[in-house]
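Colleague: pasting the sequence and the predicted coordinates here, then a few questions.
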Amino acid sequence: MKWKVIPTGIEELDSMLGGGILDDSIVLITYDTNSFGWVLAIEIFRSFLNRNGFGVVTNYSLPYSLLSKYAGTVGFDIERAGRENELAIIDIFGAVNGVKLDYPYLYYPPHIDASTFLPKIVEVYYEILKKAGNRKPIGLTIGMDGFAHIFDEETVIKLLRRNMVLKEKAKFSENRERPITVMLMNRDRVSRSFISWVSHYSEHIIDFEPIPRPGIERIIIRKSLLPEFEPSEAEFLYSRGKMRIRNVEKV
């Protein structure tokens, strides 16, 4: 079976990944507490929206106002994008904590509990896809560590496994654009076992590691299932709302 490869729109990153991102795949971005790794996720997400994509943000970790501030730091206006039907947000954080805002692009699954979570979120997701039309769905999960905090790691792993089964069935039974999903995960908040399981189900893994200089991190491409991929690292620079990747070297 030949898989479609879609560029991220970030030239240096595409080169490191072996050409881009596999269609219908998961891109896992991990980082530590003080990292700007989340900036890369937003830039990938925004790049897809700019190329006839439709965004679905699943928010486990932040109040909506704080989520908007993070995006605004890199010049991405979530409210404008939502009102112009470029994205929708499944606000699990708001649903769990009883904070529900009256914006047409915010969705709140009812009565969050582990036993019914997956069918409820799938129902909301399909409702959102009606807005997407023929645009490419690009998902952004914020973040897997927040998901593990709402339930527990073992439960989240079981839910992830069940979702992979549903995804596999849908691949052969539904005639629609398949999604790409970028998952954020703070390594400081979860166990090594949890990281291992989420990594197992991810086609691409990008790790951020700190170095002593402020505003600069190591970006390491740990995994890509593309045949042209070679593990590599580079410097990730962030300043004044802008990111850069430079000095790509083979590991």
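Modeller: Everything's here; your move.
Colleague: please count neighbours and contacts with C-alpha atoms only from this point.
Modeller: Fine.
Colleague: just give me the neighbour total for the nearest residue to Gly53 once chain neighbours are set aside.
Modeller: Distance criterion Cα to Cα, 6 or more residues apart in numbering; nearest residue to Gly53, sequence neighbours excluded, is Lys136 at 4.4 Å. Here the number of neighbours of Lys136 (other Cα atoms under 10 Å) works out to 20.
Colleague: tell me the contacts of Lys136?
Modeller: By Cα atoms under 8 Å, 6 or more residues apart in numbering, the residues touching Lys136 are 48, 52-54, 177-179.
Colleague: repeat that for 10 Å
Modeller: 48-49, 51-55, 129, 176-180 (Cα atoms under 10 Å, 6 or more residues apart in numbering).
Colleague: so Ser61 is in which element?
Modeller: Using DSSP states H and E, Ser61 sits within no helix or strand.
Colleague: ah, wrong one, I meant Ile219
Modeller: Assigned by DSSP H and E, Ile219 falls in strand 216-224.
Colleague: average pLDDT for that strand?
Modeller: Mean pLDDT, strand 216-224: 96.
Colleague: and it, which strands flank it?
Modeller: Pairing partners of strand 216-224, with direction, according to DSSP bridges: strand 204-210 (antiparallel), strand 232-239 (antiparallel).
Colleague: buried residues of it, list them for me.
Modeller: 216-224 (16 or more other Cα atoms under 10 Å).
Colleague: likewise for stretch 71-83?
Modeller: Neighbour counts over stretch 71-83 (16+ other Cα under 10 Å) mark 71, 74, 76, 78-79, 81-82 as buried.
Colleague: identify all contacting residues around it.
Modeller: Stretch 71-83 is contacted from outside by 38-39, 42-43, 46, 49, 54-55, 64, 66-70, 84-89, 103-106, 238-243, using Cα under 10 Å, 6+ apart.
Colleague: so how far is it from its chain's centroid?
Modeller: 16 Å (Cα atoms, centre = their mean, to the nearest Å).
Colleague: before we move on, the earlier item: in PDB, list the C-alpha atoms belonging to the strand holding Ile219.
Modeller: The C-alpha trace of strand 216-224 is given here as PDB (Å, rounded to 0.1, in the frame of the first residue of the first chain):
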ATOM      1  CA  ILE A 216      17.300  27.800  21.900                       C
ATOM      2  CA  GLU A 217      16.500  24.100  22.100                       C
ATOM      3  CA  ARG A 218      17.500  20.900  20.500                       C
ATOM      4  CA  ILE A 219      14.900  19.500  18.200                       C
ATOM      5  CA  ILE A 220      15.300  15.800  17.600                       C
ATOM      6  CA  ILE A 221      13.300  13.800  15.100                       C
ATOM      7  CA  ARG A 222      13.200  10.400  16.800                       C
ATOM      8  CA  LYS A 223      10.800   8.600  14.500                       C
ATOM      9  CA  SER A 224       9.200   8.900  11.000                       C
END
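Colleague: give the next helix or strand downstream of the one helix or strand Gly82 maps to.
Modeller: For Gly82, the element it lies in under DSSP H and E is helix 78-83. Moving toward the C-terminus from helix 78-83, the next helix or strand (DSSP H and E) is strand 87-91.
Colleague: report all helices and strands that that following strand contacts.
Modeller: Other helices and strands packing on strand 87-91, by 3 or more Cα pairs under 10 Å, 6 or more residues apart in numbering; DSSP states H and E, are strand 53-59, helix 78-83, strand 106-107, helix 117-132, strand 136-142.
Colleague: switch the cut-off to 8 Å
Modeller: Here strand 87-91 touches strand 53-59, strand 106-107, going by 3 or more Cα pairs under 8 Å, 6 or more residues apart in numbering; DSSP states H and E.
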